[in-house]
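# Below are the sequence and a predicted model; questions follow.
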Amino acid sequence: MKRALLLIALLATSSAALAGPKMTKEFVGSGGQTRAYYLFIPDRRLGAAPAPLLITLHGSGHNGASLVEYWQGLAEQKGFVVAGPDSSNPQQWKYPEDGPDLLRDVIDAG
């Protein structure tokens, strides 16, 4: 019984290690509100310099995670970071609350 539990524990930790980096949900203050964005930072980076950043803007009816998930594989392979903010209304991007200030705040948070 103890061996079976130990084996299960080892398999769980090794599969978590094999899963690699995960997308995380982050929060940033922007325009006087707390805004959500999704972030993927690859294990593989291009040298010691800061990694390039791709900011994705989701389509109607989606959230920031949808495009971060889409780019995650290539980002891991090429070593760039992906951030995807949520719009204030999932059906559309609105100006000014979803404008350049939000994007700058997401960049500065990283």
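Okay, I see it. Residues are numbered from 1 along each chain as shown.
# give me the number of residues near K78?
Neighbour count of K78, defined by other CB atoms under 10 Å: 14. For every residue, glycine as well, the C-beta is placed using N, CA and C.
# Pull out the buried positions in stretch 51-64.
For stretch 51-64, the neighbour count (16 or more other CB atoms under 10 Å) marks 51, 54-56, 58, 63-64 as buried.
# Likewise for stretch 94-105?
Quick answer for stretch 94-105 (16+ other CB under 10 Å): 97-98, 102-103, 105.
# This protein: strands as residue ranges?
Along the chain, the stretches classed as strands by DSSP state E are 24-30, 33-40, 53-55, 81-85.
# Any chance of a markdown table for those strands, columns distance to G110 and mean pLDDT?
Shown next, in a markdown table, are the strands of the chain (distance: least, CB to CB, whole Å; pLDDT from 0 to 100):
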| stretch | distance to G110 | mean pLDDT |
| --- | --- | --- |
| strand 24-30 | 9 | 97 |
| strand 33-40 | 7 | 97 |
| strand 53-55 | 7 | 96 |
| strand 81-85 | 7 | 97 |
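# now, of those strands, which is deepest in the fold?
Highest mean neighbour count of the strands of the chain: strand 81-85, a mean of 24 (counted as mean count of other CB atoms under 10 Å).
# got a list of what the residue most central in space within the chain touches?
What sits nearest the mean C-alpha location of the chain, by CA atoms, centre = their mean, is L39, with 1.8 Å. L39 sits next to 23-26, 68, 81-84, 110 when contact means CB atoms under 8 Å, 6 or more residues apart in numbering.
# Just put those in TSV and tack on distance to G32.
Shown next, in TSV, are the contacts of L39 (distance: CB to CB, whole Å):
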residue	distance to G32
M23	27
T24	24
K25	20
E26	18
V68	25
V81	26
V82	26
A83	21
G84	22
G110	21
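# Those: which two are farthest apart?
K25 and V81 (15.0 Å; CB to CB).
# which regions of the chain lie under the pLDDT threshold?
1-20, 45-48 (pLDDT under 70).
# Could you rerun that using 50?
Residue ranges of the chain with pLDDT under 50: 1-18.
# Appreciated, that's everything.
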